[in-house]
Each structure stands twice: as structure tokens, then as C-alpha cells.
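> give the three-dimensional model of this entry:
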Amino acid sequence: MIESFRHRGLRELFETAKSAKVNPGLWRRALIRLDAIEAARSLEALRQPGLNFHALRGKPLRYSIHVNGPWCITFEWENGNALRVDLEQYH
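Residues are numbered from 1 along each chain as shown. Predicted structure coming up:
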């Protein structure tokens, strides 16, 4: 379950299915990935084809799911919840 967001536009997209703060070309794929994070009860549930789910280096431990091009949704995971969900360009 998603507990908190870092990216305001991503929160708005998740809650309303649209956001002026997120490129409309990313909406559909981002929503599919946000729904997968929301439904996940374990990190293993996110190991699905096409998500390119993986852990990132550094502290705090964060995870990434590929959206499109250099865009990824990143988050921390604690007690079965996604925290500080963000939309980042990090490649």
C-alpha cells in the first residue's frame, strides 16, 4: 500500500488519474505501476515482467520501477508499505 508521496504531481495523478505536474505521456504507464505498488503486500509481488523492479544503492534503501525512458518511480519500503514515492529521472 502507498503510504506517502514525495512528488506532489504523482500523488495527484494517483488520486485523480491526471496531473499538470506529470507529463501526460507518462500517465498511463505511471498509473499501472502505482496500482501495482498499491496492491503489493511484499516486494516480491513487484517482480513482474515489464516493471524492471530493482533496489537502488545508498541509504535509505530505495527501490525503482521503470516507467518510460529515463523516468522511474522510486520508493522506500517499510512494513508492507511504500513510503516517499517519487517520480525521478536518474539515468
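> CA only for contacts and neighbour counts going forward, please
OK.
> list the contacts for the spatially most central residue of the chain?
Geometric centre of the chain, nearest residue: Ile73, 3.3 Å, by CA atoms, centre = their mean. Contacts for Ile73 (CA atoms under 8 Å, 6 or more residues apart in numbering) come out as Ala30, Arg33, Ser64, Ile65, His66, Val67, Val85, Asp86, Leu87, Glu88.
> and it, bridged to which residues?
Ile65, Leu87 (DSSP bridges).
> could you report the distance from it to Arg6?
Applying CA to CA, to the nearest Å, the value for Ile73 to Arg6 is 11 Å.
> common neighbours of the two, please.
Common neighbours of Ile73 and Arg6 (CA under 8 Å, 6+ apart) are Val85, Asp86.
> how about the nearest residue to Pro60, chain neighbours excluded?
Glu76 (7.5 Å; CA to CA, 6 or more residues apart in numbering).
> in terms of helices and strands, where is the one you found?
strand 71-78 (DSSP states H and E).
> any idea how far Trp77 is from Glu88?
Distance from Trp77 to Glu88, by CA to CA: 17 Å.
> put the alpha carbons of the lengthiest helix in the chain into CSV.
With secondary structure taken from DSSP state H, the chain has its longest helix at helix 27-39. What follows is helix 27-39, C-alpha atoms only, in CSV (Å, rounded to 0.1, in the frame of the first residue of the first chain):
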residue,chain,number,x,y,z
TRP,A,27,0.3,9.0,-17.1
ARG,A,28,-0.9,5.6,-18.3
ARG,A,29,2.3,3.7,-17.6
ALA,A,30,2.8,5.5,-14.2
LEU,A,31,-0.7,4.7,-13.1
ILE,A,32,-0.2,1.0,-13.9
ARG,A,33,2.9,1.0,-11.8
LEU,A,34,1.3,2.9,-9.0
ASP,A,35,-1.6,0.4,-8.9
ALA,A,36,1.0,-2.4,-8.7
ILE,A,37,2.7,-0.7,-5.8
GLU,A,38,-0.6,-0.1,-4.1
ALA,A,39,-1.7,-3.7,-4.4
